[in-house]
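Undergrad: fold the following.
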Amino acid sequence: MRSRFKFNRLPGLLRNRFFIVALVFMVWILFFDDNSLTGWVRTLGEYYENKSQQRYYKEQIRQTEKSLRELQSNKDSLEKFARENYFFHKEDEDVFIIAPGPSDPADRVPYR
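TA: Sure thing, here's the model as predicted:
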């Protein structure tokens, strides 16, 4: 004859309906719900990663603004910056820079 599963063989805690419902509820909340614990931990990790990127970019903005102020105030640093970053010429090549003439008409040489 078939032996039937006896409900009495389980420990008392597993026979308690409230414990089973609470256990199912906890599993559902931890893993399957839209606001699950795993999703919350993943979102928290992304948040801290974004905060570190935000600090990095703020520091880069400060450095760029400092360089911009220096370039606007110091003509020598502007020339150095232009020479290092914008002259893409070969070593044996001549580069001619044409500067605008004086803005005051009295400084111009009259044509005769």
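
Undergrad: which SS class is Glu93?
TA: When classified by DSSP: H, G, I helix; E, B strand; the rest coil, Glu93 comes out as coil.

Undergrad: correction: the previous question concerned Ile97.
TA: Look at Ile97: counting by three-state DSSP, its state is coil.

Undergrad: quick check: it vs Leu23, distance?
TA: Distance, Ile97 to Leu23, by CB to CB, to the nearest Å: 79 Å. All C-beta atoms are positioned from the backbone trio N, CA, C, and that covers glycine.

Undergrad: which one of these two is surrounded by more residues?
TA: Leu23 (13 against 6; other CB atoms under 10 Å).

Undergrad: ok, Leu71 - contacts?
TA: Ser77, Leu78, Phe81 (CB atoms under 8 Å, 6 or more residues apart in numbering).

Undergrad: with adjacent residues omitted, what lies nearest to Leu30?
TA: Once flanking residues are discounted, Leu30 sits nearest to Leu37: 4.7 Å by CB to CB, 6 or more residues apart in numbering.

Undergrad: what's near enough to touch that neighbour?
TA: Going by CB under 8 Å, 6+ apart, Leu37 touches Ile29, Leu30, Phe31.
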